[in-house]
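S.K.: following is a predicted model, sequence given first.
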Protein chains: 2
Amino acid sequence: MMDLRKYQDIFLPAVEKEMQKILSINLGKFSGALQEMLSYHLGWESGTVIKKLGKGGKCIRPLLVLLCTEGAGQNWESAIPAAAAVELAHNFSLIHDDIEDVSDIRRGRETIWKKWGVAQAINAGDTMYSIAYKAMLGLEDTCNKEITIEATNLLGDTFIKLTYGQYLDISFESREKISINEYWKIVEGKTAALFGCSTKLGAMIAYNKEVEQDKYYQFGFSIGMAFQVFDDWLGIWGQLEKTGKSIISDLVQGKKTLPVVLGMQNSKKFARRWKEGGISTREAKDLAEQLRKDGVEQKVLFTAKELNKKALINLEELKIKNDIEIVLEELMDSLLNRQ
Amino acid sequence: MMDLRKYQDIFLPAVEKEMQKILSINLGKFSGALQEMLSYHLGWESGTVIKKLGKGGKCIRPLLVLLCTEGAGQNWESAIPAAAAVELAHNFSLIHDDIEDVSDIRRGRETIWKKWGVAQAINAGDTMYSIAYKAMLGLEDTCNKEITIEATNLLGDTFIKLTYGQYLDISFESREKISINEYWKIVEGKTAALFGCSTKLGAMIAYNKEVEQDKYYQFGFSIGMAFQVFDDWLGIWGQLEKTGKSIISDLVQGKKTLPVVLGMQNSKKFARRWKEGGISTREAKDLAEQLRKDGVEQKVLFTAKELNKKALINLEELKIKNDIEIVLEELMDSLLNRQ
């Protein structure tokens, strides 16, 4: 029986090949740095398949699309356009988020806006998003017209939710604190919606009924929630060098992640210091320690595990192939053991 | 027989109603300012159809979609989703362009980024673009699945071209001058592609063959080129208060429009002053007069008229209903007599 690693070894090169094909078809005729910006962001050397410039992301979302397609009873190859589409669209959102959050580093390298300026980074993101739709419409060749339209509608719905999450996140920036409900609303939009979209696409492409599709959505949605909470843990207590994101703690950046939301409620010392703002890298370590002492780290990890359990229950409710179920469990496990 | 005004009176309220419906369906469930930003940009009071806050644009593109659909032999009502989609997507590009060009005023009011900040303006544009795709996919209800997929592909292709034009424009900002060929490349992307898309959609929805669709595209493309050249004329010699865009001449903003490209070649006095940069509003009037003296204004207007003639020849080549042909000629005429 194949384990997660073997599926990754088959699926991910196929997704990357499709993404490169789509990029080349749609941007190949245009000269200049537009194609270069997109390739750079995706970790490729411009125009070639051969040389990888850097890490191109973990490709969790396309992996979910393909595993769920297989698990729901359809050949994974028919879902390749959808897998490429979600990864491209995810990367569009990262390019724009990096501008909005004024993030300098992504995957261990300078962000597009930092390298080419805000105006061209907006254009790069817009182009990536257009290309994501072009990718999704490729389902016409591997599936049928009905699925193609349904999947493209889902992509639109998902990115309205995703942008709404990003909008909420930014709109809360000026506030001293946010409620736990507000936190969940952000995470639902920014992260869980696209995870739900990815798993739902699997059921959609395998031509499952709406009720089954919704169950697949719920499963991916729960994984997304758990993923984000663990990401929040990484942002403060993780070994930062290994995530490749930034060596600066989320505390220094003033991000209102779950540890902060819970810290405001459960750690008076943290709350007092947070309200003053301007936390230095040195202080961030002490504050992380303080949050640990006051039980906040434990609460965060507990929440991630509970959400993961929920996803496991969702998974059991799916009529999914047994060997794929095991691989999905392995994937979920690996997401909560990232460093 | 109906004239242009009568078609506008029937078509444009139907397009606006569709846009409001699409916005309400897709954003109605989200609270906060996201919907407000989009409505504001479109000139509506948030959430209501009743009160217009300001000018919502001329709606030339949806008008072209509907006229061409009628002219190509299909009921215009079946094209309403496509007409709404091109107008929404056009407005997405305006929101992002205003950020990239650091424009404060649009249609006589503050731009979104000026009012809500750059980060939220990026989100507003992204949301508008997602909603444009949702609008286009509505063709499934009025036409068929094949046309829906074809039209959605065209929307993607068009906005890749459009963003490429915007990318070129920005990338030339640091240069002292651009060639006439580079100027045309920008205009093809930024303006003509979406005009061509609009007219082509008409033929597509009327289920015309590809060869006929391409002729419709060429017709719209030529209108777009003429439109942009005349827009460039307006930007320097137009009665600026009436365009609602900005009371600041394109010369003050340093835009490399056709009068500048031709001025660099045909007016030594202008070229010398332009190279120094930092033109004041007061100086802009004198420089506009200088360009007029050196025959540049005449060249610009001549170019616009030649492109318009080309569009008329394209129009004659279409198998289009006679009464619609006359209305399209009237529309083209009005575009070159805007103030």
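M.R.: Here it is on my side, so go on.

S.K.: what's the offset of stretch A:231-241 from the middle of its chain?
M.R.: The chain centroid and the centroid of stretch A:231-241 are separated by 16 Å under CA atoms, centre = their mean, to the nearest Å.

S.K.: in that stretch, what's buried?
M.R.: A:Asp231, A:Asp232, A:Trp233, A:Leu234, A:Gly235, A:Ile236, A:Trp237, A:Gly238, A:Leu240 (16 or more other CB atoms under 10 Å in any protein chain shown). Any C-beta I mention is one placed from the backbone N, CA and C, and that applies to glycine too.

S.K.: grab the most central residue of chain A for me.
M.R.: Closest residue to the average C-alpha location of chain A: A:Thr191 at 5.8 Å, with CA atoms, centre = their mean.

S.K.: let me see the contact set for that residue.
M.R.: Residues in contact with A:Thr191 (CB atoms under 8 Å, 6 or more residues apart in numbering or on different chains) are A:Gly165, A:Gly224, A:Met225, A:Phe227, A:Gln228, A:Asp231.

S.K.: any idea how far it is from A:Lys177?
M.R.: Here the criterion is CB to CB, to the nearest Å. By it, A:Thr191 lies 21 Å from A:Lys177.

S.K.: repeat that for A:Ile112.
M.R.: A:Ile112 sits 31 Å away from A:Lys177, taking CB to CB as the criterion.

S.K.: ranges for the strands of chain A?
M.R.: Along chain A, the segments classed as strands by DSSP state E run A:105-106, A:109-110.

S.K.: partners of the last one, with directions?
M.R.: Based on DSSP bridges, the strands next to strand A:109-110 in the sheet, each with its direction, are strand A:105-106 (antiparallel).

S.K.: the residue lying closest to A:Ala284 once chain neighbours are set aside: neighbour count?
M.R.: Nearest residue to A:Ala284, sequence neighbours excluded (CB to CB, 6 or more residues apart in numbering or on different chains): A:Ser249, at 3.9 Å. The burial count assigned to A:Ser249 is 21, neighbours taken as other CB atoms under 10 Å in any protein chain shown.

S.K.: which of A:Ile112 and A:Lys177 has more residues huddled nearby?
M.R.: Using other CB under 10 Å as the criterion, A:Ile112 and A:Lys177 rank with A:Ile112 on top: 26 against 16.

S.K.: and the closest residue to A:Lys269 other than its chain neighbours, what does it touch?
M.R.: Nearest residue to A:Lys269, sequence neighbours excluded (CB to CB, 6+ apart): A:Gln290, at 5.4 Å. By CB under 8 Å, 6+ apart, A:Gln290 lies in contact with A:Ser267, A:Lys269, A:Phe270.

S.K.: need the pLDDT of the last one.
M.R.: Turning to A:Phe270, the model gives it a pLDDT of 95.

S.K.: next up, phi/psi of A:Ser103, please.
M.R.: For A:Ser103, the backbone dihedrals (degrees, to the nearest 10) come out as phi -90, psi 130.

S.K.: how about it, nearest residue that isn't a chain neighbour?
M.R.: A:Thr111 (5.7 Å).

S.K.: my guess is that neighbour contacts A:Asp104, does it?
M.R.: Yes - if you go by CB atoms under 8 Å, A:Thr111 and A:Asp104 touch, sitting 6.1 Å apart.

S.K.: out of the two, which sits in the busier spot?
M.R.: The neighbour count for A:Thr111 versus A:Asp104, taken as other CB under 10 Å, is higher for A:Thr111 (22 against 14).

S.K.: one step back: how close does the residue nearest to A:Ser103 sit to A:Val252?
M.R.: To A:Val252, A:Thr111 is 17 Å away according to CB to CB.

S.K.: the residue nearest to A:Ala284 against A:Leu234, yeah?
M.R.: No - checked against CB under 8 Å, the pair A:Ser249 and A:Leu234 is beyond contact range at 10.3 Å.

S.K.: what's around A:Thr127, how many residues?
M.R.: Number of residues near A:Thr127 (other CB under 10 Å) recorded here: 27.

S.K.: dump the residue contacts of it.
M.R.: A:Leu27, A:Leu34, A:Leu38, B:Ile160, B:Thr163, B:Tyr164, B:Tyr167.

S.K.: neighbour count added to these, as JSON lines?
M.R.: JSON lines is the format used below for the contacts of A:Thr127 (neighbours: other CB atoms under 10 Å in any protein chain shown):
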{"residue": "A:Leu27", "neighbour count": "22"}
{"residue": "A:Leu34", "neighbour count": "22"}
{"residue": "A:Leu38", "neighbour count": "25"}
{"residue": "B:Ile160", "neighbour count": "24"}
{"residue": "B:Thr163", "neighbour count": "27"}
{"residue": "B:Tyr164", "neighbour count": "25"}
{"residue": "B:Tyr167", "neighbour count": "27"}
